[in-house]
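> sequence first, predicted model second:
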Protein chains: 2
Amino acid sequence: MTRSKAMSNDAIVLYGAPEVDANVLYATGFHAPDPFLFLRVRGKSTVVMSDLEIDRARTEAAVDRVVSLTKTLATLRDRGVREPGIADVAALLLREARVRGVTVPSTFPVLIADELRARRVRVEPVREPFFPERTRKTADEARSILDVQRVAERALEAGLALLRRASARRGYLYLDGVVLTSERVRRAIEVSALEHECVAMNTIVAGGDQGCDPHNRGSGPLRPGETIIIDVFPRSTRTFYFGDLTRTVVKGVASDAIRGLYHAVSEAHRTGLESIRAGVDGKDVHTATAAVFERLGYPTGAKAGRMEGFFHGTGHGVGLDLHELPRVGRVGTEIPEGAVVTVEPGLYYPGVGAVRIEDLVFVEKRGVRNLTRIPKILEIG
Amino acid sequence: MTRSKAMSNDAIVLYGAPEVDANVLYATGFHAPDPFLFLRVRGKSTVVMSDLEIDRARTEAAVDRVVSLTKTLATLRDRGVREPGIADVAALLLREARVRGVTVPSTFPVLIADELRARRVRVEPVREPFFPERTRKTADEARSILDVQRVAERALEAGLALLRRASARRGYLYLDGVVLTSERVRRAIEVSALEHECVAMNTIVAGGDQGCDPHNRGSGPLRPGETIIIDVFPRSTRTFYFGDLTRTVVKGVASDAIRGLYHAVSEAHRTGLESIRAGVDGKDVHTATAAVFERLGYPTGAKAGRMEGFFHGTGHGVGLDLHELPRVGRVGTEIPEGAVVTVEPGLYYPGVGAVRIEDLVFVEKRGVRNLTRIPKILEIG
C-alpha cells in the first residue's frame, strides 16, 4: 500500500477502525477491528495501540512509531489528568511535537475534535479525498483490485452455473428437485468468493420486480423469463480491496420488452466506457450515459409513487472502500489517471423488468482498461 | 428491533451507513451501504434518502417519515443555497421543527457538526451508550443473538470435524493427503456460517505461537500437540446481530504445560461467569478473573519486548456491534440486566501455547444464562 506523500509541515490525526475506516487502513496498512489513534507530523507517522494489538502493530503496521496506549495513559495519570482519554493522548503527542493545529477527515469523531479544541489544538476537517492519492491507484493497488475482480467473475460463474442447470416447470425454476431461489444462487456465489480469500456480502440476486429496487438483495423463488440481476462485490481478506461486477440474465427466452431494456443498457454502458478518460468530470460521463436512455425512449422519474427508469449514478470509484471517489453521477468529480471506477447504468420498470450491467475499469490517459472480462449474455438456455 | 424510548422534548441527529454504524441501524431498522441522515425530534423520526434508496426505505425503515434528499436539495437551491450539503438539509429540517440544539453520537462526523454550528444549531456530542437501551436486549434481540450463536457453534463444529479427521505425520497434520492448514479450517467454518445466513469474517484459527497474538488470524500448516485457538464471530445477514465464540483445542496429546494453561483459563472462565449478574461493574468481573491467573501463578506483562499472560479484557457486550457496551475489562462499565456479554479470558505464552475460552451469556438479576452450549474439550483424538 502506498503511503501518503506528506507535505513536510503538515499534521494530521485519524481515529478509527481500519475494518470500517479506509483512511486509517490506507495510512497504516494495518487491519484491526477496533479504533485507534494515528498521527502524522512532518511526514513521521505514529499509531497508539492497546496491549492487545501492540505487538502485531509493531510487525505489521507501516508506520514510523508504535506507542503504547497503556503507558501513555499512565503518564497522563502521573501528571494529574483524571480519567485520561484519546483526546488527552493525542494532545500530549501533538504538544511533544510542537504542533498546534491538525487536519482531520470529514468523518473524524466530533467528540474527540471538541476535546482537542478544548485542549487548544486547532482541528480543521477536510472533505474527501482526505488522501487524494487514494483515487489514483498504484500498479500494486490496481493488481489487487484486478485479483478481486477475477474472484468476482468466478463467483458470478458459480451462480450462473446453477441457473444453467435449472429447468423451468409451471412458472418456476427447479434444480435438484427443488425450487431454485435467490438465496441458493447467492450462497453459491458467496461460497465461491470465500474459497478464493474474499468475502462477498449482500450479494444481489434479484428476480423480476425485486430487481427494480437496485438495493433489494432478492429472495424467494426465481422464475423463467424474468430478469435476474446479479451484483457481486467481494472484498479480499488479504489486501482488503474490493471488486464490483453486475450482470443481468434471463433463464429461458426474454420478451421483446426485456430485450429492448437490455439493448438500451448495453448502449448506455458502451457510451459510459467510451466517455471516460483521465481528466473528464464524472458528471459529463453520467450525462452522456443518461442521454442514451433519453434518446432510446426510456424515461426516468417517479410513477405511481415509485422511481423508475435510470435513477442512480453511472458509477463510483472502488478501492479500500466499495464506494469511494471519484463520483460518476449527477454530482461528479474529476476522474484522474489511475482511478478505478465502475460503469453501471441500469433501467428499472416495475412490471417489465430490471437490467443493470456493470464493469470495473482502470482509467488511462486516453480511455479505460476494462478489468472485467466475463461476457455479457442475456439469455441462459 | 426496539425503537429508542425518546424523551418527549429531545432532538437527535445521526449521519452514517447502517452497515458500519450500529446506532443508525438500531434507530431505523434499515440496512444500507451508504450513509444517510436521521433526525428524531420530540419522538418523531425522519430519514432523508437518495432516489436510490427512497422506495426501499419507505417500506423497510421503521421511521415516521421518509424525506427525499433530491427534493430537499432542490428546495434549498430554489432558496438560493449554492451547492447545498447534508448540513443544509439537516439545518432546514431542524428549523422547520423549531429545534435549535441537538445531541449526536460521539462519532458524528466533525465536518457536518461544524457546518451545523455555523448555521446556528447547537451540537452536543454524547458518549456511548448514545442509546442506553442498546445495552439491554429485548427478548427479540436476545433470540436473534442466540440464533447466531447456534450458527457459530455449527460453524466451529465444521472446523473441528476437519481436525478430527486429520492425522499426524512427521510433525504436521494431514487430511485427504495434504497438509491441513489454518486457511482450510477457517474456510470450512466460514462456509458453514454462510450456509446459515451468517457472514463470519476474520475467523481466527491460530496454531501454536500464532495464537499468542490474540488477533492473529492464523496461517499455514497446523501441527499435532500445539494449541489451536478457534474464534468465530458471525453476523446474521437477516437480523445483523453478532454471535461470538472461542474454543481452544489440541490435536493429539496436550503437554502438561498446555494442560496447566487450559485448567487455569477454565477456572478463570468459570469465575468470570459466576461474577456476573445485573448491576455489577465490568471492572470487578475482570479483576476477579485476572485474580485467578495470579493465584495459579500465571503472570502477565511484557517479556523480551512482547506481551504475555492475560493482556486483554475479560469480555465485551455483543449486539449490532461485535464490540459494544458494557465493557468487562480494566476499564469497566455497569452490566445491566438484559446485557449480552462475552466471557473470554485467555493466557498467551510464546513457546508454550495460547488458550482462550469464550462463551456468550445473557445477564439476569441473579446471574447469567449461558447462550453457548458447545462443550469445552481440549484434546481431539
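Received it, and whenever you're ready, just let me know what you need. Numbering: from 1, shown residues only, chains lettered A, B, ... in the order given.
> from here on, just use CA atoms for contacts and neighbour counts.
Fine.
> hmm, A:Ser192 is touching A:Ala158, no?
Yes: counting by CA atoms under 8 Å, A:Ala158 is a contact partner of A:Ser192 at 6.8 Å.
> low-scoring stretches of chain A, by residue?
Where chain A drops to pLDDT under 70, the residues are A:1-9.
> how is it carved up into domains?
Using automatic domain parsing, the domain parsing of chain A gives A:11-134, A:136-380.
> any idea how far A:Leu175 is from A:Thr248?
Per CA to CA, to the nearest Å, A:Leu175 is found 20 Å from A:Thr248.
> go ahead and confirm A:Leu360 touches A:Leu245.
Yes: using CA under 8 Å, A:Leu360 is in contact with A:Leu245, at 6.8 Å.
> and A:Ser192 and A:Ala158? Which one has more around it.
Each of A:Ser192 and A:Ala158 has its neighbours counted (other CA atoms under 10 Å in any protein chain shown); A:Ser192 has more, 24 against 20.
> phi and psi next, for the more buried one.
The phi and psi values for A:Ser192, taken as degrees, to the nearest 10, are phi -60, psi -40.
> before we move on, what about the one 5 residues further on?
The phi/psi pair for A:Glu197 (degrees, to the nearest 10) reads phi 60, psi 40.
> so it is in contact with A:Arg238, correct?
Yes: with contact defined as CA under 8 Å, A:Glu197 reaches A:Arg238; the gap is 7.0 Å.
> who has more neighbours out of the two?
Between A:Glu197 and A:Arg238, counting by other CA under 10 Å, A:Glu197 is the more crowded of the two (18 against 11).
> mind listing what the more buried one touches?
A:Ser236, A:Thr237, A:Arg238 (CA atoms under 8 Å, 6 or more residues apart in numbering or on different chains).
> so the first one sits against A:Val148, correct?
Spelled out, it's A:Ser236. Yes: counting by CA under 8 Å, A:Val148 is a contact partner of A:Ser236 at 6.3 Å.
> find residues that contact each of those two.
The contact sets of A:Ser236 and A:Val148 overlap at A:Cys198, A:Phe242 (CA under 8 Å, 6+ apart).
> between these two, which one's more packed in?
A:Val148 (28 against 23).
> leaving out sequence neighbours, find the closest residue to that one.
A:Gly243 (5.1 Å; CA to CA, 6 or more residues apart in numbering or on different chains).
> doesn't A:Pro336 make contact with A:Ala278?
Yes: with contact defined as CA under 8 Å, A:Ala278 reaches A:Pro336; the gap is 4.9 Å.
> anything in contact with each of those two?
A:Val363.
> neighbour count for these two, which is higher?
When neighbours are counted by other CA under 10 Å, A:Ala278 and A:Pro336 differ, and A:Pro336 comes out ahead with 23 against 18.
> could you look up the SS state of that one?
Secondary structure for A:Pro336, judged by DSSP: H, G, I helix; E, B strand; the rest coil, is coil.
> ranges for the helices of the stretch 101-250 of chain A?
Ranges of helices in the stretch 101-250 of chain A, per DSSP state H, counting those that start in this stretch, are A:110-118, A:139-165, A:182-194.
> among the ones you listed, show me which one is buried the most.
helix A:182-194 (a mean of 24; mean count of other CA atoms under 10 Å in any protein chain shown).
> that helix - contacts with which helices or strands?
helix A:139-165, strand A:204-207, helix B:182-194 (3 or more CA pairs under 8 Å, 6 or more residues apart in numbering or on different chains; DSSP states H and E).
> quick check: angle from the longest one to helix A:182-194?
Using axes from the mean of the first three to the mean of the last three CA atoms, to 10 degrees, the direction of helix A:139-165 lies 140 degrees away from that of helix A:182-194.
> tell me the gap between helix A:139-165 and the middle of its chain.
Counting by CA atoms, centre = their mean, to the nearest Å, helix A:139-165 is centred 15 Å from the centre of its parent chain.
> also stretch A:345-358?
Centroid separation between stretch A:345-358 and its chain, computed with CA atoms, centre = their mean, is 21 Å.
> which other residues reach that stretch?
Contacts for stretch A:345-358 (CA under 8 Å, 6+ apart): A:208-209, A:211-213, A:226-229, A:244-248, A:257-258, A:261-262, A:265-266, A:268-269, A:289, A:298, A:308-310, A:312-315, A:342-344, A:376.
> which among those residues count as buried?
A:208-209, A:211-213, A:226-229, A:244-248, A:258, A:261-262, A:265-266, A:268-269, A:289, A:298, A:308-310, A:312-315, A:342-344 (16 or more other CA atoms under 10 Å in any protein chain shown).
> chain B next: which of these are close?
A:Asp213, A:His312 (CA under 8 Å from any CA of the partner chain).
> the residue most central in space within chain A: what secondary structure?
Nearest to the geometric centre of chain A sits A:Leu322, at 0.5 Å (CA atoms, centre = their mean). Counting by three-state DSSP, the backbone at A:Leu322 sits in coil.
> now do the closest residue to it other than its chain neighbours against A:Glu153, distance only.
Nearest residue to A:Leu322 in three dimensions, chain neighbours excluded: A:Phe242, at 5.9 Å (CA to CA, 6+ apart). Look at A:Phe242 and A:Glu153: by CA to CA, they are 13 Å apart.
> repeat that for A:Arg136.
Plainly put, A:Arg136 is 24 Å away from A:Glu153 if you go by CA to CA.
> before we move on, what about A:Ser68?
A:Ser68 sits 43 Å away from A:Glu153 when distances are taken as CA to CA.
> before we move on, what about A:Asp21?
26 Å.
> quick one: contacts for whichever residue of the stretch 251-381 of chain A sits closest to chain B?
Distances between the stretch 251-381 of chain A and chain B by CA to the nearest CA are smallest at A:His312, namely 5.7 Å. For A:His312, the contact set (CA under 8 Å, 6+ apart) comprises A:Gly329, A:Pro345, B:Asp51, B:Leu52.
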